[in-house]
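Trainee: any chance you can model this:
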Amino acid sequence: MHELGLAQSIFDIVRTHVPVDNGPAVRAVRIRVGDTAGVLVESLEFCFGVTVAGTPYESAVLTVDRVTGNDLQVVDVELV
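Mentor: Now for the predicted structure:
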């Protein structure tokens, strides 16, 4: 399941841009996923939840914008 690896990579991006002290403030991670990217969005959302569980970022959820094409891009990290 490559969605787990994708979820871990997205989490790595979040941790790079949001220090652990601000982790609890992260509410959503907005991503763009293309319809031909080969990603099962529901699986990616589940894997992301598992990845952030037990970390200071555990309140974060993925917000997915589905687009045409093969994009897979982190667009924004939303803080409280």
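
Trainee: how about low-confidence regions in this structure?
Mentor: 1 (pLDDT under 70).

Trainee: the longest helix along the chain packs against which elements?
Mentor: For the chain, the longest helix by residue count, based on DSSP state H, is helix 2-17. Other helices and strands packing on helix 2-17, by 3 or more CB pairs under 8 Å, 6 or more residues apart in numbering; DSSP states H and E, are strand 26-34, helix 41-52, strand 72-79. Bear in mind the C-beta positions are built from the backbone N, C-alpha and C, glycine included.

Trainee: neighbouring contacts of stretch 63-71?
Mentor: Here stretch 63-71 makes contact (CB atoms under 8 Å, 6 or more residues apart in numbering) with 28-38, 41, 44-45, 75, 78.

Trainee: show the buried residues in those.
Mentor: Buried by 16 or more other CB atoms under 10 Å: 29, 31-34, 37, 44-45, out of these.

Trainee: ok, the residue lying closest to Leu40 once chain neighbours are set aside - contacts?
Mentor: Distances taken as CB to CB, 6 or more residues apart in numbering place Glu3 nearest to Leu40, at 5.9 Å, with adjacent residues excluded. By CB under 8 Å, 6+ apart, Glu3 lies in contact with 39-40, 43-44, 46-47.

Trainee: pick out the most distant pair among those.
Mentor: The largest distance within those, taken as CB to CB, falls between Val39 and Phe46 and amounts to 12.3 Å.

Trainee: the two: which has the busier surroundings?
Mentor: The residue with more neighbours, out of Val39 and Phe46, is Val39; 20 against 16, by other CB atoms under 10 Å.

Trainee: could you check how far Ser43 is from Gly34?
Mentor: 16 Å (CB to CB, to the nearest Å).
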